[in-house]
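Trainee: return a 3D structure for these sequence lines:
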Amino acid sequence: MAATPRDSLGNESPLPFTPTAALEQEAEFIGSGHAAPAADGPNLSKRYQFLIYLAQFMLYIAVVVPGAFSLAIRVEQIAPEAKDAILPLAVGIPGLLSIIVIPLVGVWSDRTRSRFGRRRPWLIGGALISIVGTAMIGLTDSVEMLILGWAIAMIGYSAAGNLITIHLGDILPEEQRGKVMGTLGAINQIAPLVGIVIAGAVVSSPIALFLIPGALAMLGLLAFGLNMKDPQVTEVSKTSGIKAVLSGFWFNPRRYPNIAWVWISKAFIFLALSFSTIYGVYLIASRLGLDPAGVGGLIATAGLVSTVAGIGGAIGSGVLSDRLKTRKPFLIVSALLIGVGLIITGTTASVPQYLIGSIVTSFAIGIYGAVDQALALDVLPREENENGRFLAILALGTSIPQAVGPLVAGGILIAFGGDYLGVYLVGAAATVLAAIAIIPITVGRRATLSTTSTRSID
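Mentor: Numbering: from 1, shown residues only. Sure, this is the predicted structure:
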């Protein structure tokens, strides 16, 4: 079995498509200080750190807000009678394309021998491509062009975002890893809130709704890209092809059952999270009678209180699970709590109920994200010396459900006759399956097998 290059896939950090997914990603940062291998080199200056933070901040404004707000508004402006069917396509198709782009761009950047460096050309290229896609969304009145525009934008954003993470793996020294990655985790939460406020203020202008966040992302990425410490590499690049890259994502679940169960649990959780926001704008508008600006204000408020709840859940659970030397109870309870939060949200009849649902869901996501990442590190088969590959495989457990989730949600909505509650109920059921998938994992205080998750097969 061929393994993919570790310094690209080992640092893979898929962009979250929704605020809830961003919160889970932040909880992972809190829980582990980020699992990417740190480089041995000089500390990054405060100016250089600022440019990284700026690029990440602007990028997350442009990426996360459309999944939670802007795309739903734009779809309703273009095709109000078919919005429920079109929105899943507008979110899901670009998401599927980004799954392909992330690993390939990482590998291709490893092999780039440009005089401008390995990472810089791809990051700047992603920034320029993304602004083209966002401009298409704002200027078109065609559903097809809207989907194409967001697909182009997501390809650019995914490439640029992945290159930031890979670059940090190239140069970030271990003594700065906790601080830098922790700050990026906070940015992952703050940026979408700022973005939703901006989007709510310009919701009546389709061009501004997408071009302003897109322009901010492009400027932030260019400011960082033009100042990257990315020297030219002259050594001969590896010659393995795409087939070898893709084959690295395969593993034998019988040989590594703990890895398989962690993957399954993550997949069900992120499937539920994709359900939690895909129709959020339409749910709030129909149940509470709010206009787009009012919806944006409520989503921003919910995001603020949810961030506090999520961070509290992540910090508290990470410390407590380490002290008790057990992970599984935290994961099982948090998965079920996410389901409770989804049901509260899906049955929303008032603003306070919606906020309560958001708080419960986010608190549980914080617990799950922090402890799940710790468990993922526990079950890595370290004797294989391929941690990067296995972490990349686990990353697919977050990115694939985020991409296919909106498409599945569209089918669920049809099956429930257009009742948004059905999507939330199925999402809650997925969290139950996620909790069940935790039970067979054999690590923790009562484990009798090695935490390397390796079982011999005759």
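Trainee: I'd like the next helix or strand past the one helix or strand Ile315 maps to.
Mentor: Taking DSSP states H and E as the definition, one finds Ile315 inside helix 292-324. On the C-terminal side of helix 292-324, the closest following helix or strand by DSSP H and E is helix 328-346.
Trainee: per-residue pLDDT, His34?
Mentor: At His34 the predicted local distance difference test score is 46.
Trainee: which stretches of the chain have low pLDDT?
Mentor: Counting by pLDDT under 70, the chain has low-confidence residues at 1-14, 25-26, 28-41, 178, 182, 236-249, 318, 382-389, 443-458.
Trainee: which residue is nearest the middle of it?
Mentor: In the chain, the C-alpha closest to the average C-alpha coordinate belongs to Pro16, at a distance of 2.1 Å (CA atoms, centre = their mean).
Trainee: coming back round to it: now the helix holding Ile315 against helix 328-346, angle please.
Mentor: Here the directions of helix 292-324 and helix 328-346 differ by 170 degrees (axes from the mean of the first three to the mean of the last three CA atoms, to 10 degrees).
Trainee: for helix 292-324, name the packing helices and strands.
Mentor: Helices and strands in packing contact with helix 292-324 are listed as helix 19-32, helix 174-201, helix 280-288, helix 328-346, helix 351-378; criterion 3 or more CB pairs under 8 Å, 6 or more residues apart in numbering; DSSP states H and E. Glycine gets a C-beta too; all of them are placed from N, C-alpha and C.
Trainee: name the helices or strands packed onto the helix or strand just after the second one?
Mentor: If I follow you right, that is helix 174-201. Past helix 174-201, further along toward the C-terminus, the next helix or strand under DSSP H and E is helix 206-225. Other helices and strands packing on helix 206-225, by 3+ CB pairs under 8 Å, 6+ apart, are helix 46-65, helix 71-78, helix 120-139, helix 143-171, helix 174-201.
Trainee: and Gly289, which of those is closest to it?
Mentor: Closest approach to Gly289 among the helices and strands packed on helix 206-225 is made by helix 71-78 (15.1 Å; CB to CB).
Trainee: buried set for the helix or strand following that closest one?
Mentor: Per DSSP H and E, helix 71-78 leads on to helix 83-111 as the next helix or strand towards the C-terminus. Neighbour counts using 16 or more other CB atoms under 10 Å place 83-84, 86-99, 101-110 of helix 83-111 among the buried residues.
Trainee: how far off centre is helix 83-111?
Mentor: Taking the mean of its C-alpha atoms, helix 83-111 sits 12 Å from the chain's own mean (CA atoms, centre = their mean, to the nearest Å).
Trainee: one more: stretch 222-232?
Mentor: For stretch 222-232, the gap between its own C-alpha mean and the chain's C-alpha mean amounts to 24 Å (CA atoms, centre = their mean).
Trainee: with stretch 191-204 instead?
Mentor: Using CA atoms, centre = their mean, we find the averaged C-alpha position of stretch 191-204 to lie 19 Å away from the chain's own average C-alpha position.
Trainee: Val203: how many residues sit nearby?
Mentor: Counted with other CB atoms under 10 Å, the burial measure for Val203 works out to 21 neighbours.
Trainee: scratch that, Tyr53
Mentor: Here the neighbour count serves as a burial measure; for Tyr53 (other CB under 10 Å) it reads 18.
Trainee: any idea how far Ile187 is from it?
Mentor: Noted for Tyr53: a distance of 6 Å to Ile187, by CB to CB, to the nearest Å.
Trainee: wait, what's in contact with the nearest residue to Ala135 once chain neighbours are set aside?
Mentor: Once flanking residues are discounted, Ala135 sits nearest to Leu211: 6.1 Å by CB to CB, 6 or more residues apart in numbering. If you count contacts by CB atoms under 8 Å, 6 or more residues apart in numbering, Leu211 has them with 134-135, 138.
Trainee: so how do I select the buried members of the residues you listed in PyMOL?
Mentor: If you want just the buried ones from the contacts of Leu211 in PyMOL, going by 16+ other CB under 10 Å, the selection is:
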select buried, resi 134+135+138
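Trainee: so Gly417 belongs to a helix, correct?
Mentor: No: according to DSSP: H, G, I helix; E, B strand; the rest coil, the state of Gly417 is coil, so it is not within a helix.
Trainee: what's the burial count for it?
Mentor: Residues near Gly417, counting by other CB under 10 Å, number 7.
Trainee: got it, and Pro401?
Mentor: Considering only other CB under 10 Å, Pro401 is surrounded by 24 other residues.
Trainee: thinking again about what came up before, closest one to Pro381 among the helices and strands packed on helix 206-225?
Mentor: Pro381 sits nearest to helix 143-171 of all the helices and strands packed on helix 206-225, at 20.6 Å, using CB to CB.
Trainee: now do the closest one against helix 206-225: the angle between them, please.
Mentor: Using the same axes, to 10 degrees: helix 143-171 against helix 206-225 is 20 degrees.
Trainee: what helices or strands is helix 143-171 leaning on?
Mentor: Based on contacts counted as 3+ CB pairs under 8 Å, 6+ apart, the elements that helix 143-171 packs against are helix 6-9, helix 46-65, helix 71-78, helix 83-111, helix 120-139, helix 206-225.
Trainee: Tyr354 contacts Leu342, correct?
Mentor: No: contact between Tyr354 and Leu342 fails when scored by CB atoms under 8 Å: they sit 12.0 Å apart.
Trainee: thought Gly369 was touching Leu23?
Mentor: Yes: with contacts counted by CB under 8 Å, Gly369 reaches Leu23, the gap being 7.2 Å.
Trainee: which neighbours do those two share?
Mentor: Gly310.
Trainee: between the helices and strands packed on helix 143-171, which gets nearest to Asn258?
Mentor: When those are ranked by proximity to Asn258, the top entry is helix 6-9, at 19.8 Å, counting by CB to CB.
Trainee: so what touches the helix or strand hosting Ala430?
Mentor: Counting by DSSP H and E, the element that carries Ala430 is helix 421-438. Residues external to helix 421-438 that are found in contact with it (CB under 8 Å, 6+ apart): 261, 264-269, 271-273, 275-276, 278-279, 328, 331-332, 335-336, 338-340, 342-343, 345-347, 409, 412-413, 415-416.
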